[in-house]
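Engineer: sequence and predicted model, in that order:
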Number of protein chains: 2
Amino acid sequence: VSMAKSMSLLWGAGSPPCWRVMITLEEKKLQGYKHKLLGQVGLPAFKHGDYILNESTGACLYLENQFKSQGNKLIPDSPAEQALMYQRMMEGLTLTDKLNSVIYYEWFVPEDERHDSAVKRNREALAAELKLWEGYLQTVAAGSYLAGAFSLADAIVFPNIAYAFRFGLSVGHYPKLAKYYSLLRNRPSIKATWPPHWLASPQGFDILKDL
Amino acid sequence: VSMAKSMSLLWGAGSPPCWRVMITLEEKKLQGYKHKLLGQVGLPAFKHGDYILNESTGACLYLENQFKSQGNKLIPDSPAEQALMYQRMMEGLTLTDKLNSVIYYEWFVPEDERHDSAVKRNREALAAELKLWEGYLQTVAAGSYLAGAFSLADAIVFPNIAYAFRFGLSVGHYPKLAKYYSLLRNRPSIKATWPPHWLASPQGFDILKDL
């Protein structure tokens, strides 16, 4: 806990990149860091002493490596699980991009450059990506995490999945993702970092409901 | 070397993601892996025994973690250098995206969705990104790497920089990047993995020359 006193996080509520870092801090028992909520910004600014990390995956890797023996171990030792962990962790960033390209299309693309064909293609790409993850969860043991025990892969991927359901993803269309979501949402590190404005207004959006 | 016999790589020549994995294998003294050139494909398929990693950054992290004490150490121990290393490594992926959005615009965007305004915006975003890296190199010691000694950050970022110069980036506009490029191109791991078709036709392209 004393180590956490030299840490701070500027964060945006519900933003997957910020949430990843917060989950990792909880898992490593690094509670008590200074933090400041900056509305719904996209990127975290994590500081440990003089070192600044504003790439969420970089911050999570750094925290696990610096605090290996504190809290939960987030990079498995066995080569098979470690390979799978790194693979899923990095694939999680593609999932983030594809979610953003649908949810924030009008934010990213100026009005006179928008095309229905692009919206359709982005939605199809996201659906294909989500089907991939549905398949990954089919092959892991029932009630399991992405790569053995809870790992950095889950810290990085879970916020995307929570985000997808918040934006209306259908439990019926993606039953394995829904099961993964219900399993992890009750994990202490995730409950402790749940976006406060999601609690205040539990009703989400329906952008992804037909996906 | 015997470990490398259980490894294989399907790769595309000059593709930054594949090149990263090849540089890392050289740095870890894992020569002698099976490999197959698949033309100019974008993503590597790296296999170690039964484990498949087709995310280049994931494969590089895996190799460093599995072979920590073999070849060159690619993740620094000191917290300051380690934080910087993870930060630059992950930022390198943003650089890749921005390069691709300019170089492959017509590949990614169907003809009737193309806009001059989008091309201009992508080029400006890439120029701003490259200026950031020019700035990063301003602050490191002369003739130095991105985060202390040669690290995974360089293995991941260098192929982007080489790619940018191959596509016409101006040495005059980006002198620090040019210096970094000349320093690293003579490093044994990079010489050993230089894209064969770049040697065969040293003349590149000029898409980025005015950037």
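Structural biologist: Ah, there it is.
Engineer: show me where pLDDT drops low in chain A?
Structural biologist: Across chain A, the ranges flagged by pLDDT under 70 are A:1-2, A:40-42, A:141-143.
Engineer: domain map for it?
Structural biologist: The record's domain parsing of chain A by automatic domain parsing lists A:3-66, A:79-200.
Engineer: next, the distance between the ends of the longest one.
Structural biologist: End-to-end distance for domain A:79-200: 42 Å, by CA to CA, to the nearest Å.
Engineer: touching chain B at all, that domain?
Structural biologist: Yes - Domain A:79-200 reaches chain B (CB under 8 Å from any CB of the partner chain) through A:79-80, A:82-84, A:86-87, A:89-91, A:93, A:110, A:112-113, A:115, A:117-118. Every residue, glycine included, has its C-beta placed from N, CA and C.
Engineer: okay, the domains of chain A in TSV with mean neighbour count next?
Structural biologist: As requested, these are exported to TSV (neighbours: other CB atoms under 10 Å in any protein chain shown):
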stretch	mean neighbour count
domain A:3-66	20
domain A:79-200	18
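Engineer: can you flag which of the residues of domain A:79-200 next to chain B belong to helices?
Structural biologist: Mapping these onto helices (DSSP state H) picks out A:79-80, A:82-84, A:86-87, A:89-91, A:93, A:117-118.
Engineer: contacting residues for the spatially most central residue of chain A?
Structural biologist: Against the mean C-alpha coordinate of chain A, by CA atoms, centre = their mean, the closest residue is residue A:159 at 2.7 Å. Counting by CB atoms under 8 Å, 6 or more residues apart in numbering or on different chains, residue A:159 makes contact with A:16, A:17, A:19, A:20, A:23.
Engineer: and the residues you listed, which two are the farthest apart?
Structural biologist: Farthest pair in the contacts of residue A:159 (CB to CB) is A:17 and A:23. Separation: 11.3 Å.
Engineer: quick one, strands of chain A?
Structural biologist: For chain A, the strands defined by DSSP state E occupy A:7-11, A:34-37, A:45-48, A:51-53.
Engineer: what helices and strands are in contact with the last one?
Structural biologist: By that I understand strand A:51-53. Judged by 3 or more CB pairs under 8 Å, 6 or more residues apart in numbering or on different chains; DSSP states H and E, the packing partners of strand A:51-53 are strand A:45-48, helix A:56-66, helix B:79-103.
Engineer: could you pull up the residues touching residue A:171?
Structural biologist: So residue A:171 contacts A:165, A:178 (CB under 8 Å, 6+ apart).
Engineer: repeat that with 10 Å
Structural biologist: Applying CB atoms under 10 Å, 6 or more residues apart in numbering or on different chains, one finds that residue A:171 lies in contact with A:165, A:177, A:178, A:179, A:181, A:182.
Engineer: and the second one, how close does it get to residue B:95?
Structural biologist: Just to be clear, that refers to residue A:177. 31 Å (CB to CB, to the nearest Å).
Engineer: coming back round to it: which of the contacts of residue A:159 sits closest to residue B:62?
Structural biologist: For the contacts of residue A:159, the closest approach to residue B:62 (CB to CB) belongs to residue A:20, at 19.6 Å.
Engineer: can you tell me, leaving aside adjacent residues, what's nearest to the closest one?
Structural biologist: Among residues not flanking residue A:20 along the chain, residue A:56 sits closest, at 4.6 Å (CB to CB, 6 or more residues apart in numbering or on different chains).
Engineer: residues in contact with the one you found?
Structural biologist: Counting by CB under 10 Å, 6+ apart, residue A:56 has contacts A:15-22, A:24, A:42-44, A:46, A:93, A:96, A:155-156, A:159, B:90.
Engineer: switch to 7 Å and redo it
Structural biologist: Residues in contact with residue A:56 (CB atoms under 7 Å, 6 or more residues apart in numbering or on different chains) are A:17, A:18, A:20, A:21, A:44.
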